[in-house]
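Enquirer: sequence unavailable; structure follows:
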């Protein structure tokens, strides 16, 4: 990580991260390398990011939506023990909603952008977000929200295939099924996947039109909005590759300015009054030439280090500077900069190659402008060592399992029926 020019002068204010997964590691390195003391709360003591040299102190506590009072009391105790009021940075939608919902209780001990729970929950939920976007005139794909299988059957008469089957709350669907969305090619597949993925008690699936085009037509805006919902810094880029392919997060992304995406987003957030770090995704629709919003993350995104200014500023550093009363310099982004999640990109590259969309030459060429990796950092090697070891072990297990299956193939077993593979 090359800091180029920027140095945060006043680093006395500590930071407390809620959730210490992949995006949190980048926050630790971005702020910790500047001398900021970064604390973290997570529920998994084995997670690689917790071994970062830039994590000053770690706490362990499980967040449960139905028992958030215990989590709140725990955070208040942590806040009381700190030398100064810490900047609170949630790294998931659920924890962002928790902070917004409990902001009155947290304010005496922490600093954070002040958003209402209605706004945060409305942006995080794809169902409510599409309603908000439509109200303020932001283009969206055609989207339907079935309540049951009968609705799906009725809606299927109004849509064209393939169609996207997505989670209204993507993280909830991923925890339950390992997937956030599926591209469904036929009516029969739609019925199958709907019954496989839906939660009948708390319906969480939606149908969305499939917009044609490559994965590199998915654009991302990352920015920071101050207490007046003014965009102090904003960057755009696109997904070079995704994991899982066609439906996942950016396994490789490039920072590249897109005036239309920036203009749409800045106006969108100003009109709804959003404050803080924002991660939002669009897809370019070649049929009408418009960028259509796919999802809004009212928080820091795990791939925020795709987006870095020429002076080294990113959205997390902008948040820190603004929340501590320091100037946030406005500098153009580092055009062409690429960032990668190493283990994800190995797998996604193989899948793109297997379907004929990535040659060896183009794969090698894609690393030309790579500046930073999610795991590898020569000044903070331990998280990468852990991830590499686990990746090798998983690979060996897969090879042994594949070899064993080829020698002694097993017939289909009922317990494996309906498995959703990517």
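Expert: Sure, I can see it. The model shown is predicted, which means the values in this text are computed figures rather than measured ones. Residues are numbered from 1 along each chain as shown.
Enquirer: and the biggest strand by length in the chain, what does it pack against?
Expert: The strand that spans the most residues within the chain, counting by DSSP state E, is strand 231-243. If contacts are counted by 3 or more CB pairs under 8 Å, 6 or more residues apart in numbering; DSSP states H and E, strand 231-243 sits against strand 218-225, strand 249-255, helix 259-272, helix 315-323, helix 342-354. (Each C-beta comes from the backbone N, C-alpha and C, glycine too.)
Enquirer: what's near enough to touch residue 102?
Expert: Going by CB atoms under 8 Å, 6 or more residues apart in numbering, residue 102 touches 68, 72.
Enquirer: my bad, should have said residue 187
Expert: 156, 161.
Enquirer: same deal with residue 207?
Expert: 143, 144, 145, 146, 152, 155, 159, 163, 164, 165, 166, 190.
Enquirer: of all the helices and strands packed on strand 231-243, which one is nearest residue 171?
Expert: With CB to CB as the criterion, residue 171 lies closest to strand 249-255 of the helices and strands packed on strand 231-243, at 11.6 Å.
Enquirer: neighbouring strands of the closest one in the sheet, and parallel or not?
Expert: Its sheet considered, strand 249-255 pairs with strand 231-243 (antiparallel), strand 338-340 (antiparallel) by DSSP bridges.
Enquirer: for these, give me a markdown table that also has mean pLDDT, mean neighbour count and distance to residue 19.
Expert: Putting the strands paired with strand 249-255 into a markdown table (pLDDT from 0 to 100; neighbours: other CB atoms under 10 Å; distance: least, CB to CB, whole Å) gives the following:
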| stretch | mean pLDDT | mean neighbour count | distance to residue 19 |
| --- | --- | --- | --- |
| strand 231-243 | 97 | 23 | 20 |
| strand 338-340 | 98 | 23 | 20 |
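Enquirer: show me the shaky parts of this protein.
Expert: The chain contains residues with pLDDT under 70 at 1-4, 405-422.
Enquirer: before we move on, the earlier item: CSV for the strands paired with strand 249-255, including distance to residue 71?
Expert: CSV is the format used below for these (distance: least, CB to CB, whole Å):
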stretch, distance to residue 71
strand 231-243, 30
strand 338-340, 31
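Enquirer: quick check: which of the ones you listed is nearest to residue 209?
Expert: The closest of those to residue 209 is strand 231-243. By CB to CB, the value is 18.6 Å.
Enquirer: and the nearest residue to residue 237 once chain neighbours are set aside, what does it touch?
Expert: In this structure, residue 237 finds its nearest non-sequential neighbour in residue 255, 4.4 Å apart by CB to CB, 6 or more residues apart in numbering. Taking CB under 8 Å, 6+ apart, we find residue 255 in contact with 235-237, 306-308, 333-339.
Enquirer: on that earlier part again, relative to residue 57, which of the strands paired with strand 249-255 is closest?
Expert: Per CB to CB, nearest to residue 57 of the strands paired with strand 249-255: strand 338-340, 27.3 Å.
Enquirer: mind checking the SS state of residue 227?
Expert: What DSSP: H, G, I helix; E, B strand; the rest coil gives for residue 227 is coil.
Enquirer: got a list of contacts for stretch 223-232?
Expert: So stretch 223-232 is in contact with 113-114, 233-235, 265-266, 269-270, 272-278, 315, 318-319, 322, 328, 330, going by CB under 8 Å, 6+ apart.
Enquirer: all the helices of this protein, in order from the start?
Expert: Shown for the chain, the helices assigned by DSSP state H span residues 22-32, 68-81, 93-101, 103-106, 117-124, 126-135, 149-155, 170-177, 187-197, 259-272, 315-323, 342-354, 360-365, 382-407.
Enquirer: counting by contacts, list what the shortest one packs against.
Expert: It refers to helix 103-106. Helix 103-106 packs on helix 68-81, going by 3+ CB pairs under 8 Å, 6+ apart.
Enquirer: cool, and the third one?
Expert: Judged by 3+ CB pairs under 8 Å, 6+ apart, the packing partners of helix 93-101 are strand 15-18, helix 68-81, strand 86-90, helix 117-124.
Enquirer: ok, now with 10 Å
Expert: Counting contacts by 3 or more CB pairs under 10 Å, 6 or more residues apart in numbering; DSSP states H and E, helix 93-101 packs against strand 15-18, helix 68-81, strand 86-90, helix 103-106, helix 117-124, helix 170-177, strand 276-285, strand 290-297.
Enquirer: that one vs strand 86-90, what angle?
Expert: 130 degrees (axes from the mean of the first three to the mean of the last three CA atoms, to 10 degrees).
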